[in-house]
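J.: Sharing a model that was predicted from the sequence below.
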Amino acid sequence: MRRCIAMTLTLASTMTLQIASAASAIVVTAAWSRPATDTAVVYATIANNDARPDRLVAASSRIAGRVEFHESMATAMPMGSMNGMPMRGEMLSMKPLAAIGIPAHGKRVLAPGGYHLMLVDLRHDLKAGETVPLRLHFARAGWISVAVPVRST
Ligand SMILES: [Cu+2]
């Protein structure tokens, strides 16, 4: 019985150590969101202090039905011509991603016009001044909790 307790303690301390070292490898800063209804966007800077690349593979928030990873891209669209002048337009679209890679000893910036997270099926409207609880799951570093402030600009 005594041996069993000792083994459990060893296992518990090993797990704590792994969580502590993994959490320090990924650092999320400058997270922010905008006031929104139904669907909100989240931007952040994700730094990886590890020698190995990591990947953001899942995310969740208790104020949203689900969290998706997107990449915004501007696509040039030919729109015919007018008086011999070619007319062109640009269409901004979002591509869903299965994961977002974070380079080794580097960072991934989620910013307007590029990579971002989408909170889909918001349970309430987001207002400036509130904080969104977000959990990010990295393939190597595990789960990381992030408090995302909502601001209008
Ligand atoms: Cu999007």
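T.: Done, it's in.

J.: Look up how far residue 88 lies from the residue nearest to residue 86 when sequence neighbours are not counted.
T.: Spatial nearest neighbour of residue 86, excluding adjacent residues (Cβ to Cβ, 6 or more residues apart in numbering): residue 78 at 7.3 Å. All C-beta spots, glycine's among them, are computed from the backbone N, C-alpha and C. Distance of residue 78 to residue 88, given as Cβ to Cβ, to the nearest Å: 6 Å.

J.: How much space separates the residue sitting nearest the centre point of the chain from residue 84?
T.: For the chain, the residue nearest the mean C-alpha position is residue 117 (4.9 Å; Cα atoms, centre = their mean). Distance of residue 117 to residue 84, given as Cβ to Cβ: 45 Å.

J.: what's the pLDDT at residue 84?
T.: pLDDT recorded at residue 84 is 76.

J.: An error on my part: the question was meant for residue 76.
T.: On the pLDDT scale, residue 76 is placed at 79.

J.: One more: the one 4 residues further on?
T.: At residue 80 the predicted local confidence, pLDDT, stands at 74.

J.: Could you give the backbone dihedrals for it?
T.: For residue 80, the backbone dihedrals (degrees, to the nearest 10) come out as phi 80, psi -160.

J.: Surely residue 30 and residue 44 touch.
T.: Yes - the pair residue 30 and residue 44 qualifies as a contact (Cβ atoms under 8 Å) at a distance of 6.1 Å.

J.: who's more crowded, these two?
T.: A direct count of neighbours by other Cβ atoms under 10 Å for residue 30 and residue 44 places residue 44 higher, at 22 against 12.

J.: Which strand or helix spans the more buried one?
T.: strand 39-48 (DSSP states H and E).

J.: what does that strand rub up against?
T.: 25-34, 54, 56, 64, 67, 100, 102-112, 116-122, 126, 132, 134, 136, 146, 148, 150 (Cβ atoms under 8 Å, 6 or more residues apart in numbering).

J.: Filter those residues down to the buried ones, ChimeraX style.
T.: Restricted to buried positions by 16 or more other Cβ atoms under 10 Å, the ChimeraX selection for the contacts of strand 39-48 reads:
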select :25,26,28,31,33,54,56,64,67,100,102,108,110,116,117,118,119,122,126,132,134,136,146,148,150
